[in-house]
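**Student:** what follows is a predicted protein model with its sequence.
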Amino acid sequence: DTGVSQDPRHKITKRGQNVTFRCDPISEHNRLYWYRQTLGQGPEFLTYFQNEAQLEKSRLLSDRFSAERPKGSFSTLEIQRTEQGDSAMYLCASSLARDTSYEQYFGPGTRLTVT
Amino acid sequence: DQQVKQNSPSLSVQEGRISILNCDYTNSMFDYFLWYKKYPAEGPTFLISISSIKDKNEDGRFTVFLNKSAKHLSLHIVPSQPGDSAVYFCAATSQTGGTSYGKLTFGQGTILTVHP
C-alpha cells in the first residue's frame, strides 16, 4: 500500500493557461474525491467518482473545471483558462466503499499558483 | 453557510497536559464524524471517527466525544506531545440518503501547538 499520490506537487502558471493534475488512489479503493483548500480554510468538496462514474460535482466546480477517471483507477483534474482565484491546494482522496466506515485517505496535494 | 465550525483558530498546551479541540455542526443530516490532522506540505491524515450511534470513541491517546443534542463534538488528546503540533480538522458526512458516498464537509481547522 503506497498511499495516495498526486502529481505535480507544485504548479505555477500564468493566468489564462490550462493545467492538469493527476491523482493515483490506493489501488483497491473504488471511490475517489477531489477537494480544494485555500489558506485558513478546511478542504472543500469538488467532485466524486465511484469507479469510473462521476457521481457528483460541487457548484464550486465551474465549467472551466473537468475531471475524469477513465478506467476507474487514476484521475485527472483539468482547469482551463486559469484565473488568480484558482490558486489553492488541490487535494485528492480515496476510500473503499464500506457500510461501517467513511474514512478517506488523502494525497499530499498539488499547490497551484496562478500569476 | 458554514455547516461545520471550529471556533478556535488556535490552541496552545504544555507537553503532558490534555488538549481539547472543539467542533460544532448545524446540519441534522450529519451522522458520521471524523478528525484529521495536517502537517505543513502534507495532506490531511485520518485520526479517529465516530458514528452518531455512539457518544464516545477511543483510540490510544485520542478520544472523540459526540453530543448529538448540542450538535457538538470534541477531540481529547491525552497526554499531549510536541509531535501532536499540527492543524486539526473536524469533518462530517451523512450515511443516509440515496447516494451515501461519504462526501466530507470540513471545519476551518484549529492549529494546535504543544510546548515541551
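**Tutor:** Arrived safely. All figures in this text were calculated on a predicted structure; none of them were measured in a lab.

**Student:** all contacts plus neighbour counts: C-alpha atoms, from now on.
**Tutor:** Will do.

**Student:** which intervals of the chain have sub-threshold pLDDT?
**Tutor:** I went with chain A, as the question did not name one. Residues of chain A meeting the criterion pLDDT under 70: A:1, A:99-100.

**Student:** sorry, should have said chain B
**Tutor:** Using pLDDT under 70, chain B drops low at B:97-101.

**Student:** flag every residue of it that's near chain A.
**Tutor:** For chain B, the contact set with chain A under Cα under 8 Å from any Cα of the partner chain comprises B:32, B:34, B:41-46, B:49, B:89, B:101-109.

**Student:** partners of the residue nearest the centre of chain A in the sheet?
**Tutor:** Nearest residue to the geometric centre of chain A (Cα atoms, centre = their mean): residue A:34, 3.1 Å. Partner residues in beta bridges with residue A:34, using DSSP bridges, are residue A:47, residue A:92.

**Student:** contact partners for it?
**Tutor:** The neighbours of residue A:34, taking Cα atoms under 8 Å, 6 or more residues apart in numbering or on different chains as the test, are A:45, A:46, A:47, A:48, A:90, A:91, A:92, A:93.

**Student:** if you set the cut-off to 7 Å instead, what comes out?
**Tutor:** Neighbouring residues of residue A:34 by Cα atoms under 7 Å, 6 or more residues apart in numbering or on different chains: A:45, A:46, A:47, A:48, A:91, A:92, A:93.

**Student:** tell me how far it lies from residue B:72.
**Tutor:** 27 Å (Cα to Cα, to the nearest Å).

**Student:** ok, how many other residues are close to residue A:60?
**Tutor:** 12 (other Cα atoms under 10 Å in any protein chain shown).

**Student:** since that was my last question, I'll sign off now.
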